[in-house]
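K.L.:
Fold the following, please.
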Amino acid sequence: MKDRSLLLTTPCYPYPTLPMNDSITDATGQRFTKGDDLFTIISHTHCFANHILAQNVSWPSVVLEYPRWEDFTAEVAKGYPYLGISAYPPHLETVLKMCEHTRKTAPGTKILLGSYAAQAFQATYDKATQQKYVDHLVIGEGVQYLRKLLGDPEDAPVQQVLFPKAGGSIPWLTRYPRGGVGFLVSGLGCVGGCDFCSTTAMFGNKRKQLLSAGELFRGIELYHQHFPDVVMVFVIEEDHFRVPAHLAELREGWRAHPKLYEDLDCFTFGSVDNIAKFADTYGWDAILEAGVGCIFIGVESKFAGAHGYDKRHDVDAKVVFDRLHAMGIRTVGAWMCGWDWHDHTNIHEDLNYFVSLRPTYQQLTRVSPFPGTPLWERLKEEGRVKEVAWEDVHFWSGAQKNANLETHETLNLIQEGYDLMYRTWGPSMMRRLDVQLDGYAYCMASDNPALRHHKSKLFRRQSSMLWWMLPACERFAPNGIVRRRIRKIDEKYRRLIGAPTPVMRTMAAMVDKMAVVAKLKELVSPMNRFVKEEPFKRYLYDKEKSANGNGHGHGQGDARRGGMASEAIPYRTEWPGPKNADYEAEVTRVHHVWRVIRLACEAARRLDWKTADADIDGYLIDRLRNERFGVAF
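P.N.:
Reported below is the predicted structural model:
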């Protein structure tokens, strides 16, 4: 038995696929840019919950991300005192097998199960069954629970230091984009009380703060200091605008460091009514000043306010979406199909209302009764929860017996909604370009120096980077309506910023050719034919004193991907086992392709130096040199 060592893991591969044959780990491809045809963005992410736990206990920890069965069993055989599994409900069948194996081969290991899989497990199984598999069910925030279990001080501050970066890209540009998105958890839980929300149920309709506004800003600064290519920090906070004082205090950190506006922004969550209330109190500019670049907004339904969901009862969602877009703030709109009030007389009215909001990105899901939520309890009492396999308990679950619609209809309506969004507004990438151009115009007309002199630079640079995709998006537009929209976006760019630079034109021409090749390949082998799989990585939190005495331990970046080494990184990254030949070949191919493109762009800048733009071209060449051409939200 290992002494004072903690093993934390995700479920083992293989993972179940979603109903439309999407990867369960690819949120961007399965949801936010789904339906964008050739321009659907795929993404990779990490199990941040396990990294937070590892960073906040005194015991040395090993974090396994996406292990295969042989990787997991080999690690368990080392005899850890505690095994923690963080998982979602679709993984529960695999998780139970992992628990059975651990009970058999490492009987001295105590098993902890957390996240939404723990919530579903607790709601579904009796006590005897729970104890058969698991020693500790961790419902809610796990840091305090684990500290108490291990004898650590429970009230110590929660550390969140430079988690592994997430990222995304169009797969025919690169299937393995380098990370450009940081991650921080500001708060967990929500007081909103939505009956379908697993998070609200898990935290008992309360919010638990993990980072103060000052700590959150310092975490953002740390990403920028050590990973200057991070262009966005994804902030978990169920509704940041419901805690306006926290967001307003975060704004003060940004205002004190205005140069930061030029390089990155944040993704956060909000609701229609609370965004409007925050703007009424602090002004709309305060949202930009708080570093917010993209907001996930749960619209749910046009009729939700009339049925007791008070997140959008007082204000028309169109007013909020339009105002945010006019300032350059991107949106992720979320809509749900299969409410009890949905029937054949209103479902298309509801869907078309959502499409009319023109969200930059979209999430369309079924109303799904997750075990442990009030919705699940109510529908269960009414005999309206169907027995489905664990792998089908997710946002598109067919477990609910709908009041007025057939089960197959709701899934078809979701697919129809994604298609309608694309056929109406074009790909998310062009919607983002349009919004960011509006943001550039807004900031340049502002009398706020932070916006006019600093925020405007971020919009200008990112708009120039997105323009690379414009010719390809215009070529493969789904119809004339979208093709005209894209040409109007091009006109807007030229009017506000100027003619595309030599680097932009060269990049766009090459990307356009790559898109033609990708379209031909799509005819014989569609992109979603083979579901994306995540590589296995092992992160070691040694808990040794680092050279600067911060106790984080000696860290290193990902040498296989050219990551930077830094004493501030509190973990070491390992790629166990033999190298993946397909992965290595693809990374090498992409490296050579983009090196050729970079050299061509540099040559174009030298030859056509009179029309070059030092800031834009320098920014783009730097992105190419570091192969950071993936995209965030």
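K.L.:
Just the buried positions in the longest helix along the chain, please.
P.N.:
In the chain, ranked by residue count with DSSP state H as the criterion, the top helix is helix 581-607. Going by neighbour count (16 or more other C-beta atoms under 10 Å), the buried part of helix 581-607 is 587, 590, 594, 597, 598, 600, 601, 602, 604, 605. Yep, even glycine has a C-beta here, placed from its N, CA and C like the rest.
K.L.:
quick check, nearest of those to residue 302?
P.N.:
Ranked by distance to residue 302 (C-beta to C-beta), the buried residues of helix 581-607 are led by residue 590 at 43.3 Å.
K.L.:
State the distance from the closest one to residue 75.
P.N.:
Residue 590 sits 31 Å away from residue 75, taking C-beta to C-beta, to the nearest Å as the criterion.
K.L.:
and of the buried residues of helix 581-607, the nearest to residue 202?
P.N.:
For residue 202, the nearest member of the buried residues of helix 581-607 is residue 587. The distance, counting by C-beta to C-beta, is 38.5 Å.
K.L.:
Not counting sequence-adjacent ones, nearest residue to the closest one?
P.N.:
The shortest distance from residue 587 to any residue that is not its chain neighbour, by C-beta to C-beta, 6 or more residues apart in numbering, is 6.0 Å, and that residue is residue 176.
K.L.:
That neighbour falls within a strand, correct?
P.N.:
No. Counting by DSSP: H, G, I helix; E, B strand; the rest coil, one finds residue 176 to be coil, located in no strand.
K.L.:
tell me the contacts of it?
P.N.:
Residues counted as contacts of residue 176 (C-beta atoms under 8 Å, 6 or more residues apart in numbering) are 44, 561, 583, 586, 587, 590.
K.L.:
Out of these, flag the one nearest to residue 439.
P.N.:
Relative to residue 439, and with distances defined as C-beta to C-beta, the nearest of the contacts of residue 176 is residue 44, at 27.1 Å.
K.L.:
Pull up the per-residue confidence for residue 378.
P.N.:
In the predicted model, residue 378 carries a pLDDT score of 95.
K.L.:
Going forward, count from 55.
P.N.:
All set: I'll call the first residue 55, so the last point we hit is now residue 432.
K.L.:
For the helix or strand containing it, which outside residues touch it?
P.N.:
Under the assignment given by DSSP states H and E, the secondary-structure element containing residue 432 is helix 428-435. Defining contact as C-beta under 8 Å, 6+ apart, one finds that helix 428-435 is touched by 177, 249, 250, 255, 421, 423, 424, 439, 454, 455.
K.L.:
Hmm, the first one is touching residue 426, no?
P.N.:
If I follow you right, that is residue 177. Yes. Using C-beta atoms under 8 Å, residue 177 is in contact with residue 426, at 3.9 Å.
K.L.:
Those two: which is more packed in?
P.N.:
Taking other C-beta atoms under 10 Å, residue 177 and residue 426 do not tie; residue 426 has more neighbours (21 against 17).
K.L.:
now the more buried one, what's its secondary structure?
P.N.:
Of the three states, residue 426 takes coil according to three-state DSSP.
K.L.:
Enumerate every residue touching it.
P.N.:
In this structure, residue 426 makes contact with 173, 174, 176, 177, 252, 255, 256, judged by C-beta under 8 Å, 6+ apart.
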